[in-house]
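Colleague: Sequence plus predicted model, see below.
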Amino acid sequence: MSQVQTTQATPAEVTFALNAPVAMTAFGVQSDAQCKAFPQGHEHQAFVPPRSSFYKFRTGIRMPVMNWLYSPNGDALALTGPTGSGKTSLIREIAAILNWPYMQANAHSRMEVPDLIGGLRLECDPATGDQRTVFSYGPLALAMKHGYIFCLDEGDFLDPSVMSGLNAILEGAPLVIPENGGEIIRPHKFFRFVITCNTRGQGDDNGLYGGTLAQNLATWDRYRMVEVPYMSAEDELETVQHVLGGKAGDIIARMVEIANKVRAQFVGNPSPTGETGNLTVTFSTRTLLRWARISGSYKRANVEGCAMALALRESLTNRAPIDQRIAIHTIAQTVFGPELWKGDEVLVAAQVVDTVAGA
Ligand SMILES: Nc1ncnc2c1ncn2[C@@H]1O[C@H](COP(=O)(O)OP(=O)(O)OP(=O)(O)O)[C@@H](O)[C@H]1O
Ligand SMILES: [Mg+2]
């Protein structure tokens, strides 16, 4: 029988402790308060994600995530919300500020547990040229072993039986790896398991998120769920202005207004009364940023026609059915006014169609 190994803490891990103070101003909180982070230069520093130049933290969403990181009490975390609302970036940004090592894997329906835990692979001995079989750790095993945050991105793509196969790990059971001499990995005290998903784990409500799968109810019982909706107009305006270097405030304010008008008519965005709109495409924060960036570069290049309309097509409406494309461009024209929106080919073409139809 193969010899059983147990993962032991090495003396170097002493420095890997949640004991370095970080000012809460890093999260946009204006107070003298501090929170605990990992000290700079710890031995897993290479796995800490970089901070982005600007990130807008929303207290109501940041707080439950940090509360869970500090005291998970045996729970995993699920961040749910529409596309591009800031789920993946939220956990990465928090990890970056807390200097917490982070590993991410993108789920898909053919992913199996060994993709996460690791498996045997062939290795060539550089001295002799002989081939040998070695065990290669997967991202989940590494995160468990060393105390990283593990993010299973788009977790609702995972086959439900594979997801259920992770339940024991979520409950703190050790991971036994027979392929590696029966190594036993006990979850490090700083190991955290988080998934992000566009659905609430009960399947796709409206056909917008193809490929997602309804997950087992018992699986969800092991998760805290935090919803990440799109930002308020005020927060989004601040975000876009920062990302674009603080320019063109009025234009950006109107872009944010258009994004919110489109969201209000999005089929996946039910109103408090349960009504939904008719649009099957929507503005994520990602799309809005793309629109603002492309518009800026087209304006600087003095492109012919309406630079913002051209950029809107590339950013969003080229993937919309034609009637929805016209509807979104009409919203944009209403907000910007005919003078600023002059030369939009989508609306020009639509008027030609109207003229022909009316003739
Ligand atoms: N709070 C924020 N502050 C700054 N930028 C943000 C914020 N939220 C989202 N963004 C921007 O939007 C982009 C998309 O965010 P993110 O990838 O986190 O979305 P997501 O919710 O994970 O989307 P998906 O469901 O499609 O995976 C980010 O790369 C970032 O540029
Ligand atoms: Mg994501």
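Modeller: Yep, that arrived. Ligands and ions are numbered 1, 2, ... in the order given.
Colleague: so Phe190 sits in a helix?
Modeller: No. The assignment for Phe190 by DSSP: H, G, I helix; E, B strand; the rest coil gives coil, which leaves it out of any helix.
Colleague: backbone phi and psi for the nearest residue to it once chain neighbours are set aside, please?
Modeller: Spatial nearest neighbour of Phe190, excluding adjacent residues (CB to CB, 6 or more residues apart in numbering): Gly147 at 3.2 Å. C-beta here means a position set from N, CA and C on the backbone, and glycine is covered the same way. Dihedral pair for Gly147: phi 90, psi 50, per degrees, to the nearest 10.
Colleague: Confirm for me that Gly147 is in contact with Tyr102.
Modeller: No. Using CB atoms under 8 Å, Gly147 makes no contact with Tyr102, being 11.1 Å away.
Colleague: tell me which element Ile61 falls in.
Modeller: When elements are assigned from DSSP states H and E, Ile61 belongs to helix 59-70.
Colleague: counting contacts, what elements does the following helix or strand past that helix pack onto?
Modeller: Per DSSP H and E, the first helix or strand lying C-terminal to helix 59-70 is strand 76-80. Secondary-structure packing of strand 76-80 (3 or more CB pairs under 8 Å, 6 or more residues apart in numbering; DSSP states H and E): helix 59-70, helix 87-98, strand 192-197, strand 223-227.
Colleague: I'd like those written out as JSON lines, with mean neighbour count added.
Modeller: Output for the helices and strands packed on strand 76-80, formatted as JSON lines (neighbours: other CB atoms under 10 Å):
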{"stretch": "helix 59-70", "mean neighbour count": "15"}
{"stretch": "helix 87-98", "mean neighbour count": "22"}
{"stretch": "strand 192-197", "mean neighbour count": "25"}
{"stretch": "strand 223-227", "mean neighbour count": "17"}
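Colleague: Nearest to Tyr209, out of these?
Modeller: strand 192-197 (8.6 Å; CB to CB).
Colleague: What is the closest one packed up against?
Modeller: Identification of packing neighbours for strand 192-197 by 3+ CB pairs under 8 Å, 6+ apart yields strand 76-80, helix 87-98, strand 149-153.
Colleague: Between the ones you listed, which one is closest to ligand 1.
Modeller: helix 87-98 (3.2 Å; CB to the nearest ligand atom).
Colleague: Do any residues in the closest one lie close to ligand 1?
Modeller: Yes. Interface with ligand 1: helix 87-98 contributes 87-89 (CB under 6 Å from any ligand atom).
Colleague: and the angle from that helix to helix 59-70?
Modeller: For helix 87-98 against helix 59-70, the angle by axes from the mean of the first three to the mean of the last three CA atoms, to 10 degrees is 60 degrees.
Colleague: Helix or strand next in line after helix 87-98, which one?
Modeller: From helix 87-98, the next helix or strand downstream (DSSP H and E) is strand 102-106.
Colleague: Report the buried residues of that following strand.
Modeller: The neighbour-count check on strand 102-106 (16 or more other CB atoms under 10 Å) flags 102-105 as buried.
Colleague: buried ones in the helix or strand where Leu237 lies?
Modeller: Per DSSP H and E: Leu237 is located in helix 233-243. Neighbour counts over helix 233-243 (16+ other CB under 10 Å) mark 235-241, 243 as buried.
Colleague: For ligand 1, tell me which of the residues you listed show up nearby.
Modeller: Okay, of these touching ligand 1 (CB under 6 Å from any ligand atom), that's Thr239.
Colleague: Adding distance to Asn167 as columns, could you present the helices and strands packed on strand 76-80 in TSV?
Modeller: Shown next, in TSV, are the helices and strands packed on strand 76-80 (distance: least, CB to CB, whole Å):
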stretch	distance to Asn167
helix 59-70	18
helix 87-98	21
strand 192-197	11
strand 223-227	11
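Colleague: so can I have TSV of those showing distance to Arg263 and mean pLDDT?
Modeller: TSV is the format used below for these (distance: least, CB to CB, whole Å; pLDDT from 0 to 100):
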stretch	distance to Arg263	mean pLDDT
helix 59-70	17	97
helix 87-98	16	97
strand 192-197	19	95
strand 223-227	15	94
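Colleague: And the ones you listed: which comes nearest Leu316?
Modeller: helix 87-98 (19.4 Å).
Colleague: helices or strands up against the closest one?
Modeller: strand 34-37, helix 59-70, strand 76-80, strand 102-106, strand 149-153, strand 192-197.
Colleague: Okay, angle between that helix and strand 76-80 too, please.
Modeller: Using the same axes, to 10 degrees: helix 87-98 against strand 76-80 is 130 degrees.
Colleague: I would like the residues contacting helix 87-98, please.
Modeller: Helix 87-98 is contacted from outside by 18, 22, 26-27, 35-38, 48-52, 55, 57, 61-62, 65-66, 69, 79-81, 100-102, 104, 149, 151, 153, 194, 196, 228, using CB atoms under 8 Å, 6 or more residues apart in numbering.
Colleague: switch to 6 Å and redo it
Modeller: Helix 87-98 is contacted from outside by 26, 37, 49, 51, 55, 65, 79, 81, 102, 149, 151, 153, 194, 196, 228, using CB atoms under 6 Å, 6 or more residues apart in numbering.
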